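> Pasting the sequence and the predicted coordinates here, then a few questions.
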Amino acid sequence: MKVELSVPEVVEMFKEIQAQPEKLFEMIRVDIRETVGSYLSTLMGVELTHFLGREPYERTDGEVNHRNGSYARNFTLKGIGEVQVAVPRDRKGDFTTQIIPRSKQYEDALREDLTVMFLTGISTRSLSMISKRLIGRTLSPAEVSNANRELIEAVESWRTRKRGRRFQNNL
């Protein structure tokens, strides 16, 4: 692809960037999200190819599983925001991707950050309100609570083990 610009057009672009740099950064963010979404979709397509044991449109003898299109899904990544991916399907419904876990809406690093903020005293409702600015989408208070449930269960398990050791030491 060849792009031709005249000198006045380039000068005008630089003036716009200087006047409103946030427009340039927003264009970059959108492009990055689209590129990452496309990359993840491609990875999942390769994963399905490996699962089926043949390339798209490659035929084999006997009854075999086939590709069956894809479905759109959003997934939130730390530092990037919400990306749209196309998750491929097989006809029999046996394929599950390892790239994006089935029930996860955001990556584990983001869950860990939410947990740290929760531990510092930020309420689930406050986290829900600031999530739009941080990751590009609003998390419901229930999503924040679900992310923190794993931490709470781990702390309670640790307390129980610690109490059990104290009880054994007192015997």
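Received, thanks.
> And the helices in this protein?
7-19, 21-52, 108-119, 124-135, 141-170 (DSSP state H).
> Relative to residue 93, which of these is closest?
helix 21-52 (12.0 Å; Cβ to Cβ). Every C-beta, even on glycine, is put in place using the N, C-alpha and C of the backbone.
> so residue 87 bridges to which residues?
Counting by DSSP bridges, residue 87 is bridged to residue 71.
> burial measure for it, as a count.
21 (other Cβ atoms under 10 Å).
> how close does it get to residue 44?
Remark: distance between residue 87 and residue 44 (Cβ to Cβ, to the nearest Å) = 6 Å.
> do residue 112 as well
For residue 112 relative to residue 44 (Cβ to Cβ), the value is 24 Å.
> just residue 14 next, same as before
Taking Cβ to Cβ as the measure, residue 14 falls 40 Å from residue 44.
> between these two, who's got more neighbours?
Ranked by neighbour count (other Cβ under 10 Å), residue 14 and residue 44 place residue 44 first, with 21 against 10.
> contacting residues for the more buried one?
85, 86, 87, 88, 97, 99, 100 (Cβ atoms under 8 Å, 6 or more residues apart in numbering).
> same thing with residue 52?
Contacts of residue 52 (Cβ under 8 Å, 6+ apart): 64, 65, 66, 67, 90, 95.
> now with 6 Å?
By Cβ atoms under 6 Å, 6 or more residues apart in numbering, the contact set of residue 52 is residue 65.
> Please apply the same query to residue 45.
residue 88.
> and what of residue 48?
Counted by Cβ under 6 Å, 6+ apart, residue 48 has contacts 88, 95.
> can you rerun that using 7 Å?
67, 88, 90, 95 (Cβ atoms under 7 Å, 6 or more residues apart in numbering).
> of all those residues, which two lie farthest apart?
For these, and using Cβ to Cβ, no pair is farther apart than 67 and 95, which are 9.1 Å apart.
> Low-confidence bits of this structure, can you list those?
For the chain, the stretches with pLDDT under 70 are 1, 164-171.
> Residue ranges of each domain in it, please.
Domain ranges of the chain: 1-100, 106-171, per automatic domain parsing.
> quick one: the shortest one to chain centroid distance?
Centroid displacement of domain 106-171 relative to its chain, using Cα atoms, centre = their mean, to the nearest Å, is 19 Å.
> Disregarding residues adjacent in the polypeptide, which is nearest to residue 77?
Of all residues not flanking residue 77 in the chain, residue 107 sits nearest, at 5.4 Å (Cβ to Cβ, 6 or more residues apart in numbering).
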